[in-house]
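Enquirer: Give the three-dimensional model of this entry:
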Amino acid sequence: MMETLNGKNILLAGATGGIGSKLVKLLAGSGANLFLAARSQEKLQQLAAANNISPERIAALDISNAGAVNDLREKYFSQMISIDILINAAGIGIIKPMDVLTEHDFLQSLNTNLVASFLLVKAFLPAMKEVKKGLIINIPGILGKVPMAGAAAYCASKYGLVGMMQSVREEVKRTDIRITNLFLGGVDSPFWDTIDLKVQREKMVQAHEAAKAIWFLCQQPASGVINEMVLQPFNHQVI
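Expert: Okay, the predicted model is just below:
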């Protein structure tokens, strides 16, 4: 039997993104208590207003900044008594071959996709450990499993994320804290707006369907855990 989301306390990072904004509507419609985090205060305010979320339950920040994440934790727990689900839907995609990939590109990829996830887990896992239950969902993407030419920085960050969360899973395996990775193939979202590749976005997974997958993962049955899910476009299945 799937768990109800009604009354669940959920922190969603990357809430204003192509997938995140659609996920907010699904979670709010299921009765969850949401706290939204993203970079843009203006977009957060609009998203909160559209989904009847208190303006006190949003935070604009760079989640790769340790001080900002500590402030996020303080603000979150001033509004919410616990955290049932932590979802990190934030990320950056820098796809460049090695001959033009810069050190800045590489470090930015690691900071946004890996360090930020570390900081979020570091900040919110202790509250889950106190009650020995909770759910953490990350989205390594398919390039966290299968490499692609030009994706050295991106794959490094996503493979690192997978390894980190597998290690965390070992630390909490005597509790009811669940760790779930969603390996998404190509999703038609603003992610591709700044990437110089010829892609058929009309054949990709639609952002609202990716959001539905995360919404589904939030309802895992109490008797089991979905360690990972793979969702890929029909025309580009790589695993």
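
Enquirer: Against Leu47, how distant is Ala153?
Expert: Using CB to CB, to the nearest Å, we find Ala153 at a distance of 29 Å from Leu47. Every C-beta, even on glycine, is put in place using the N, C-alpha and C of the backbone.

Enquirer: would you say Thr180 is within a strand?
Expert: Yes. Applying DSSP: H, G, I helix; E, B strand; the rest coil, one finds Thr180 inside a strand.

Enquirer: ok, so what distance separates it from Gly29?
Expert: 21 Å.

Enquirer: likewise Ala59?
Expert: With CB to CB as the criterion, Ala59 and Gly29 are 22 Å apart.

Enquirer: does Gln108 count as helix, strand or coil?
Expert: Gln108 is classified as helix under three-state DSSP.

Enquirer: correct me, but it touches Gly91?
Expert: No. Contact criterion CB atoms under 8 Å: Gln108 and Gly91 do not qualify, at 11.3 Å.

Enquirer: ok, these two, which is more surrounded?
Expert: The neighbour comparison of Gln108 against Gly91 (other CB atoms under 10 Å) goes to Gly91, with 24 against 16.

Enquirer: Report the contact partners of the nearest residue to that one once chain neighbours are set aside.
Expert: Of all residues not flanking Gly91 in the chain, Asn113 sits nearest, at 5.1 Å (CB to CB, 6 or more residues apart in numbering). Going by CB atoms under 8 Å, 6 or more residues apart in numbering, Asn113 touches 91-92, 154, 157-158, 160-161.

Enquirer: Tell me the most packed of the residues you listed, by neighbour count.
Expert: Among the contacts of Asn113, Ser157 has the most neighbours (other CB under 10 Å), with 30 neighbours.
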